[in-house]
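>>> mind looking at a prediction? Sequence and model below.
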Amino acid sequence: MATYRKPVSIINEAGWCGGCGHGVVQRLITECLEELGLQDKAVCVVDIACSYWSLDALDYDAIAGPHGRCAAVATGIKKVRPDSTVYVHAGDGSSYVIGLSETCYTAIRDIPITMIVVNNGIFGMTGGQMNLATTLIGDKTVSSKEGRDADTMGHPVDMLNIIKNLDVEFAARGALYDAKHIDETKRYIKRGFENQMNKKGFSIIEVLSPCPTNWKMTPIQAMEKIKNENEKMFPVGIYTDRGGETV
Amino acid sequence: MNTDYVLMKGNEAIAEGALRAGCRFYAGYPITPQSEILEYMSLNMGKRGGTFIQGENEISSMSMIWGAAAAGARCMSSSSGPGYDLKQEGISYLSSYNLPAVIVYAMRYGLGDGEITAGQDSYWEAVRGGGHGDSRQIVLAPASVNECASLTYEAFDIAEKYRNVVIILSDGAVSQMIEKCNLPEPKEHDIDEFDWVISGKPLGTKKNKVTNLDRTIGYEASDKYVLDKYKTMFENEQRWEEFETDDAELVLVAYGISSRVCKTAVRQARKNGIKLGLLRPVTVWPFPRKAFEKMPESVKGYVTVEMSLSTQMGEDVLLAVKHSKPLYSYLTTYHIPTADGIVDYCNSVIAGDVEPREVI
Amino acid sequence: MAKASANTELCKGCRLCVDACPKQAIIPLETVNKKGYEIISIDQGKCIGCGICYKMCPDYVFTVE
């Protein structure tokens, strides 16, 4: 019979809002590291936004990147410490908007890190502004109060469709709206860490995650929105996998 | 002491000085007049077992430095003008956790794109510009190719001694000139030497959280640590060179390329009976105030010789002498000053034809 | 058989577990914890130890063993 217990790597509480997906992502990361025996050489790179909570929550050496620069920071660490397991836990504003260049060039250089991007379609920490890459057309935010309008704000973009063409090791998207998808997301994250353990290239795992506070919904409604709306724009699955299947 | 002299460009000497100091991580972006540093690193860093990365921009390069420095490597980046503007985000971050790193600023002249030729009008940016927040960087200003190597070599030790960013403030002339150079002995750096590094450590052992130091040890402890450190750096690291100052009536104050011309000007003036001297700051932060305290009674005023429009270093001279002596400035902006020009200007000062410089 | 237990001091009252439990074994309460969040209780009679609550919970409230 399976048993489930909080990973021992998690040593402090994080200040995420009720129903936020970051906590699940943090759990999946730490479970994967512990299951692979990598917890004793993990280096955590967080962004100065909601993922920042993970800096103190984990029993890992950790560093906060300047906003958007996590992939570059991780590059510096991994080059100096190739035997450490270096991962990024950052948001979609960091990874796809202000830090698009850093994310893409880290992918192009095929730096063997594991990058986990939380796609919650919004700038959470700063109070819920529109995310140019991931806020859906029509979604209301504090900086798109009447709903995102493609004529003035452009369309959201599926970054994994871009990154998969940069010849990376692994790119996949998971979701957190039910246990089945959480399990699938965990398999992707684990693959990302296995790739790093096996000295392969750049792995990126994006996770469709709720931000009930800034979406102004209950956590259950937020999960429904991911399932019914966000996943349509951002399909889950493996986008590229040098070592195996591609969907 | 290694006595083998080699002929090198200033930029190459900076790069080789860094490599010999055990610098094993370089990230940067091309910009004139410092690109030879990046080019030299691209060829030689791998041979020394280090990492060279040509960044997608300066901001990203500095973020790589932030990661590499936190991981314990001796690391360096370099830039100029508009590129250096972008480095300031990274300098602020390095300062926030008190990480050592060496950043080279080869000054070019002008605002915006400016000119790719030598300038000294980014003094304020190098000396005062550590990005947002309270921070100080030790700024070393080489005036020869030999110093490009020796000061860069030493900069890594200073950076680690204080856990602080050290800037090598060169200019388009010093960086581009070719001279004989005495290279220092190569050495290696242990990335596990310091206990503040991130490396990936077993569960249950002490971990480092690389972010603002005040978040790690508390605001008060952090404020005290930082302020004490800046005071100690200010007290201990003032460096300068004096030339013919013992009986000087007028003292030129100049660094980098301008200081070289000033030496010629002093010799020329003294042949004509004008008692000119030179005070060359080697550190422009901390500015060598102690040197001014020791100046002889004979000194009637100071003349800064700067390739800037706004008497940038003059401000620091006035602070150093507490406005007790008049300040004059021979400013050449985009031209390297000439010895004749400096001597003529000093003659005018002595004749009373020049008003002291107002610093605005 | 494994059963879920809850450290409700960690709970932030999101109710994702209540919605996800296939056996409706998690009961939302109006009782608040020290943080001020409304917590839950587990009906051990209904719990089948499937772990879905553990997986959904962002705040590591549940242990299943």
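Ah, there it is. Numbering: from 1, shown residues only, chains lettered A, B, ... in the order given.
>>> what's the lengthiest helix in chain A packed up against?
Longest helix in chain A, counting residues (DSSP state H): helix A:179-197. Under the contact criterion of 3 or more Cβ pairs under 8 Å, 6 or more residues apart in numbering or on different chains; DSSP states H and E, helix A:179-197 touches helix A:22-35, strand A:85-91, strand A:114-119, strand A:170-175, strand A:203-208, helix C:52-56. Placement of C-beta: from N, CA and C, glycine included.
>>> what's near enough to touch residue 72?
You didn't say which chain, so I picked chain A. Each residue near residue A:72 by Cβ atoms under 8 Å, 6 or more residues apart in numbering or on different chains is listed here: A:65, A:99, A:102, A:105, A:106, B:55, B:60, B:61, B:63, B:64, B:67.
>>> that's the other chain; I wanted chain B
A:80, A:81, B:190, B:191, B:192, B:193, B:194, B:197, B:198, B:199.
>>> ok, back up a step: now the contacts of residue A:72 in a markdown table, with distance to chain C, secondary structure and pLDDT?
A markdown table is the format used below for the contacts of residue A:72 (distance: Cβ to the nearest Cβ, whole Å; DSSP: H, G, I helix; E, B strand; the rest coil; pLDDT from 0 to 100):
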| residue | distance to chain C | secondary structure | pLDDT |
| --- | --- | --- | --- |
| A:65 | 23 | strand | 91 |
| A:99 | 24 | coil | 97 |
| A:102 | 27 | helix | 98 |
| A:105 | 32 | helix | 98 |
| A:106 | 28 | helix | 98 |
| B:55 | 36 | coil | 98 |
| B:60 | 32 | helix | 98 |
| B:61 | 36 | helix | 98 |
| B:63 | 29 | helix | 98 |
| B:64 | 32 | helix | 98 |
| B:67 | 28 | helix | 98 |
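>>> now chain B against chain C: closest residue?
Nearest to chain C, among the residues of chain B, is residue B:203, at 16.5 Å (Cβ to the nearest Cβ).
>>> what's the local residue count around that residue?
Close neighbours of residue B:203, defined as other Cβ atoms under 10 Å in any protein chain shown, add up to 15.
>>> now the helices for chain B?
Under the criterion DSSP H, chain B contains helices at B:10-20, B:35-44, B:58-70, B:81-96, B:123-128, B:145-162, B:172-176, B:213-217, B:219-236, B:256-271, B:289-293, B:312-321, B:339-350.
>>> meant to ask about chain C, not that
Under DSSP H, chain C gives helices at C:16-20, C:52-56.
>>> who does residue 4 form a beta bridge with?
Unless you meant another one, I'm taking chain A. Here residue A:4 sits in beta bridges with residue C:64, as judged by DSSP bridges.
>>> could you do chain C instead?
Per DSSP bridges, the residues bridged to residue C:4 are residue C:64.
>>> mind checking how far it is from residue A:235?
Distance, residue C:4 to residue A:235, by Cβ to Cβ, to the nearest Å: 32 Å.
>>> got the domain boundaries for chain B?
Here the domain assignment for chain B is B:5-236, B:241-350, based on automatic domain parsing.
>>> can I get these in a markdown table with distance to residue A:244?
Below are those laid out as a markdown table (distance: least, Cβ to Cβ, whole Å):
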| stretch | distance to residue A:244 |
| --- | --- |
| domain B:5-236 | 27 |
| domain B:241-350 | 55 |
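>>> to residue C:34, which of the ones you listed lies closest?
Residue C:34 lies closest to domain B:5-236 among those, at 24.4 Å (Cβ to Cβ).
>>> and the closest one, how far apart are its ends?
30 Å (Cα to Cα, to the nearest Å).
>>> any part of stretch B:129-148 near chain A?
No - Stretch B:129-148 does not reach chain A (Cβ under 8 Å from any Cβ of the partner chain); its nearest approach is 10.0 Å.
>>> next, the distance between the ends of that stretch.
Distance across stretch B:129-148, first residue to last, is 21 Å (Cα to Cα).
>>> do the same with stretch A:122-129
Using Cα to Cα, one end of stretch A:122-129 lies 6 Å from the other.
>>> next, the buried residues of that stretch.
By 16 or more other Cβ atoms under 10 Å in any protein chain shown, the buried positions in stretch A:122-129 come out as A:122, A:123, A:124, A:125, A:128, A:129.
>>> got a list of what the nearest residue to the fourth one once chain neighbours are set aside touches?
Spelled out, that is residue A:125. Once flanking residues are discounted, residue A:125 sits nearest to residue A:49: 4.2 Å by Cβ to Cβ, 6 or more residues apart in numbering or on different chains. If you count contacts by Cβ under 8 Å, 6+ apart, residue A:49 has them with A:67, A:90, A:91, A:93, A:94, A:123, A:124, A:125, A:126.
>>> tell me the one among those nearest to chain C.
Checking the contacts of residue A:49 against chain C by Cβ to the nearest Cβ gives residue A:124 as the nearest, at 13.3 Å.
>>> tell me the pLDDT at that closest one?
For residue A:124, the pLDDT comes out at 95.
>>> how near is it to residue A:151?
Applying Cβ to Cβ, the value for residue A:124 to residue A:151 is 26 Å.
>>> likewise for residue A:50?
30 Å.
>>> more neighbours: which of these two?
Ranked by neighbour count (other Cβ under 10 Å), residue A:50 and residue A:151 place residue A:50 first, with 30 against 5.
>>> chain A contacts on chain C?
Applying Cβ under 8 Å from any Cβ, we find that chain C lies next to chain A at C:1-2, C:10, C:12-16, C:19-20, C:37, C:49, C:51-52, C:54-60, C:62-65.
>>> now these: which count as buried?
Buried subset of those (neighbour count, 16+ other Cβ under 10 Å): C:2, C:10, C:12-16, C:19-20, C:37, C:49, C:51-52, C:54-60, C:62-64.
>>> low-confidence stretches in chain A?
Counting by pLDDT under 70, chain A shows low-confidence ranges at A:1, A:245-247.
>>> tell me which element whichever residue of it sits closest to chain B falls in.
Here chain A gets closest to chain B at one residue, residue A:76, 2.7 Å apart by Cβ to the nearest Cβ. Using DSSP states H and E, residue A:76 maps to helix A:70-80.
>>> now do that helix: distance to the chain's middle.
17 Å (Cα atoms, centre = their mean, to the nearest Å).
>>> C-alpha coordinates for it, PDB please?
These are the backbone C-alpha positions of helix A:70-80, laid out as PDB (Å, rounded to 0.1, in the frame of the first residue of the first chain):
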ATOM      1  CA  CYS A  70      16.900  32.500 -13.200                       C
ATOM      2  CA  ALA A  71      18.100  30.500 -16.200                       C
ATOM      3  CA  ALA A  72      21.200  32.700 -16.500                       C
ATOM      4  CA  VAL A  73      21.900  32.400 -12.700                       C
ATOM      5  CA  ALA A  74      21.500  28.600 -12.900                       C
ATOM      6  CA  THR A  75      23.900  28.600 -15.900                       C
ATOM      7  CA  GLY A  76      26.500  30.300 -13.800                       C
ATOM      8  CA  ILE A  77      26.100  27.800 -10.900                       C
ATOM      9  CA  LYS A  78      26.000  24.700 -13.100                       C
ATOM     10  CA  LYS A  79      29.100  25.700 -15.000                       C
ATOM     11  CA  VAL A  80      31.000  26.100 -11.700                       C
END
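>>> list the contacts of residue B:200.
Contacts for residue B:200 (Cβ under 8 Å, 6+ apart) come out as A:40, A:41, A:42, A:43, A:60, A:61, A:81, A:83, A:84, A:85, A:86.
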